[in-house]
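# give me the fold of what follows.
(chains A and B)
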Amino acid sequence: NAGVTQTPKFRVLKTGQSMTLLCAQDMNHEYMYWYRQDPGMGLRLIHYSVGEGTTAKGEVPDGYNVSRLKKQNFLLGLESAAPSQTSVYFCASSFGFINSPLHFGNGTRLTVT
Amino acid sequence: GDSVTQMEGPVTLSEEAFLTINCTYTATGYPSLFWYVQYPGEGLQLLLKATKADDKGSNKGFEATYRKETTSFHLEKGSVQVSDSAVYFCALSDRGASGGSYIPTFGRGTSLIVHP
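Predicted coordinates for the structure are as follows:
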């Protein structure tokens, strides 16, 4: 039982390049989330999904797109990377009930030069 | 809207000292409350939770009690170890004023450093 798996673990991009971060969960969770973590800022929600085929904007969605074509996968895309997107990105999933805890992946460290 | 406020860190303690990390919240509805821990280089993991007033969540020697009257969920441990050095996040889950999905709200995290 792998839980939440994020790929890749590290990535360096040049400004203007694109990339996709992949998140996979094997717990049959309905809800999936993408967060970014920056020093002194805590966790900020980028986008989330409440079920297969759905997506919604979080607190800081600009510059990112997401897709949830399969229940177990949640993709985060950067179409034209900017240095301000240098961060650690975390994917999480949950059953979506009020008392459901989130299960997190181990993060992707992205540097944009 | 909903919010979670945690004490600023870092909190620096000697081994076997008593730990308290304060957490207060505001919520539209009747939230569930959580503490998560993040060890270096890892994602967050659930430490404990409480779902109704006066509930006490506990795990690995850590405890927190859901205090509705003071809207607080302070994390405590009687004797910390070096291995407890990590970042601790308080969070709540609530439907919010719009009655929509249960999207968690996190505090900014409190770094704990425990010296031998």
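# what's the offset of whichever strand or helix holds B:Tyr25 from the middle of its chain?
If you go by DSSP states H and E, B:Tyr25 is part of strand B:23-26. Chain-centre distance of strand B:23-26: 10 Å, with CA atoms, centre = their mean, to the nearest Å.
# the helix or strand just after it - contacts with which helices or strands?
Proceeding C-terminally, strand B:23-26 gives way to strand B:32-38 as the next helix or strand, assigned by DSSP H and E. When contacts are defined as 3 or more CB pairs under 8 Å, 6 or more residues apart in numbering or on different chains; DSSP states H and E, strand B:32-38 sits against strand B:23-26, strand B:44-50, strand B:62-65, strand B:86-93. Just so you know, the C-beta spots here come from the backbone N, C-alpha and C atoms, and that holds for glycine as well.
# do the longest one and chain A come into contact?
Yes: applying CB under 8 Å from any CB of the partner chain, one finds strand B:86-93 touching chain A at B:Phe89, B:Ser93.
# avg pLDDT for that strand?
For strand B:86-93, the mean per-residue pLDDT is 96.
# buried sites along it?
Using 16 or more other CB atoms under 10 Å in any protein chain shown as the test for burial, strand B:86-93 gives B:Ala86, B:Val87, B:Tyr88, B:Phe89, B:Cys90, B:Ala91, B:Leu92, B:Ser93.
# strand partners of the lowest-mean-pLDDT helix or strand in chain B, parallel vs antiparallel please.
Within chain B, no helix or strand scores below strand B:105-106, which has a mean of 93 by mean pLDDT, DSSP states H and E. Strand B:105-106 has the following sheet partners, assigned by DSSP bridges: strand B:86-93 (antiparallel).
# neighbouring contacts of the strand it pairs with?
A:42-43, A:98-100, B:2, B:4, B:6, B:9, B:21, B:23, B:25, B:27, B:31-40, B:44, B:47, B:73, B:75, B:102-112 (CB atoms under 8 Å, 6 or more residues apart in numbering or on different chains).
# report the angle between that strand and strand B:32-38.
Relative orientation of strand B:86-93 versus strand B:32-38 (axes from the mean of the first three to the mean of the last three CA atoms, to 10 degrees): 160 degrees.
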